[in-house]
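Engineer: Got a predicted structure here, sequence first:
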Amino acid sequence: MTSLHTLFISGRVLAGAIVCVGMLTTATAQEPHPTFDAASVKISTADTNQLVETDKGIARPAYKPFRYTPGHVTCTLPLISIIAQAYGLKIWQIAGPEWLYDGAYEIAAAMPADATHEQTLGMLRSLLDDRFEMKAHNEMRDVAVFELTSAKSSVRLTESADSDVYELINNATDIRAKKMTMQRLADWLNNRVDRPVIDRTGLAGTYNIDFKWTPEYTETNVKATDFGLLKAMEADLGLKLTPTKSSQPILVVDQARKLPSEN
């Protein structure tokens, strides 16, 4: 996989797209899904190679995350992100042609104003079936992951008070969080390393976290994994990431059109 694709998987260039882990569902054209009342799908002419540095990492101004308003949904994203949104998956849970990461597609769709989020995702799946002729299947694959682990004798975490509410404030050099579970921490780390993070700490509580670090990257143009963060997390919190492989459910895209069918 090229460094550009590593950059996509790191998550920072896809900031704002709602891509949460979900149960894999069978991606077949035979499944009945609701459809949009109308949908425009165009290849974006914006420069998707332009990068800008923000306080939360690298971003691509050409990308516009999914935006939902009553009766409408819009986005400008690569097809990999649209698939992830439609199926409620992380980017790493999808396998397919390399071009899925390339360019961007502008989507503007209309739907009933009272459509639920689940119905809207079903409409996105129909759009993928109809306009991109996407076909996919599910399978288990061994993938490279980081396991978030802890040495229980040296864990230095402050347990949250009952009165605390969940809060997360972070930038490129520090994090302040309240009521943070280890699963939430693993999800946050997914945006700062080049592979998925799986919680294996065995810690079931919630914690308040506040620490700083000096960013350190081996690939300064890509910034796939912030090793400075990993070192500080182990030194300050007693938590570490261990590289390994894990069998995970993957959505495999067998077929999709680069050029969507006409509006």
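Structural biologist: Structure received.
Engineer: Low-confidence regions, the protein specifically.
Structural biologist: 1-32, 53-58, 152-153, 218-224 (pLDDT under 70).
Engineer: Going along the chain, name the strands of it.
Structural biologist: For the chain, the strands defined by DSSP state E cover 38-43, 52-54, 57-59, 64-69, 72-77, 94-95, 105-110, 135-150, 158-159, 167-170, 174-180, 197-199, 207-212, 239-255.
Engineer: Adjacent strands (with direction) for the fifth one?
Structural biologist: The reference is to strand 72-77. Note on strand 72-77: by DSSP bridges, its sheet partners are strand 64-69 (antiparallel), strand 105-110 (antiparallel).
Engineer: want to throw those into CSV with mean neighbour count and distance to residue 75?
Structural biologist: In this view, the C-beta of every residue, glycine as well, is placed from N, C-alpha and C. Formatted as CSV, the strands paired with strand 72-77 follow (neighbours: other CB atoms under 10 Å; distance: least, CB to CB, whole Å):
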stretch, mean neighbour count, distance to residue 75
strand 64-69, 15, 5
strand 105-110, 18, 5
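Engineer: returning to what we had before: please identify the most buried of the strands of the chain.
Structural biologist: Among the strands of the chain, the stretch with the highest mean neighbour count (mean count of other CB atoms under 10 Å) is strand 72-77, at a mean of 21.
Engineer: so how far is that strand from its chain's centroid?
Structural biologist: 16 Å (CA atoms, centre = their mean, to the nearest Å).
Engineer: Then stretch 177-188?
Structural biologist: Stretch 177-188 sits 15 Å away from the centroid of its parent chain (CA atoms, centre = their mean).
Engineer: Span of it from start to end?
Structural biologist: Using CA to CA, to the nearest Å, the end-to-end distance of stretch 177-188 comes to 11 Å.
Engineer: circling back to that earlier point, and residue 120, which of the strands of the chain is closest to it?
Structural biologist: For these, proximity to residue 120 was assessed by CB to CB; strand 72-77 is nearest, at 6.1 Å.
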